[in-house]
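Peer 1: no sequence on this one, just coordinates:
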């Protein structure tokens, strides 16, 4: 089980995205539950990024919605935490 840590940037992008397309909320929540359980779930299509976003990972929520995140170990518990960096369309996050 992974701990999800939402950055302020992710929270703002999430609110904007759901305001534009309320139907995406359920898909995003499902993807977040899958990330929390197993970030390598094949339905998420998790992949490493390159270029300016090297070191980050992305997963698919739907056809044109991506979540950008990174993995880090919690300094005290040593449990894996997923830092959610951004969410949006392919063009918005890359």
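Peer 2: Done, it's in. Bear in mind that the values here come from a model prediction, so they are computed numbers and not experimental data.
Peer 1: list phi and psi for residue 40.
Peer 2: The phi/psi pair for residue 40 (degrees, to the nearest 10) reads phi -100, psi 20.
Peer 1: I'd say it and residue 46 touch.
Peer 2: Yes: judged on C-beta atoms under 8 Å, residue 40 makes contact with residue 46 at a distance of 5.7 Å. All C-beta atoms are positioned from the backbone trio N, CA, C, and that covers glycine.
Peer 1: now name the helix or strand holding the residue lying farthest from the centre of the chain.
Peer 2: If you look at how far each residue of the chain sits from its centre, by C-alpha atoms, centre = their mean, the farthest one is residue 76, at 23.2 Å. Using DSSP states H and E, residue 76 maps to neither a helix nor a strand.
Peer 1: and it, how far is that from residue 69?
Peer 2: Counting by C-beta to C-beta, to the nearest Å, the gap from residue 76 to residue 69 is 21 Å.
Peer 1: residue 24 now?
Peer 2: 17 Å.
Peer 1: out of these two, which sits in the busier spot?
Peer 2: Neighbours per residue (other C-beta atoms under 10 Å) separate residue 24 from residue 69, with residue 69 holding more: 26 against 18.
Peer 1: what's near enough to touch the more buried one?
Peer 2: 35, 39, 56-59, 82-85 (C-beta atoms under 8 Å, 6 or more residues apart in numbering).
Peer 1: coming back round to it: quick check: the residue farthest from the centre of the chain vs residue 25, distance?
Peer 2: According to C-beta to C-beta, residue 76 and residue 25 sit 33 Å apart.
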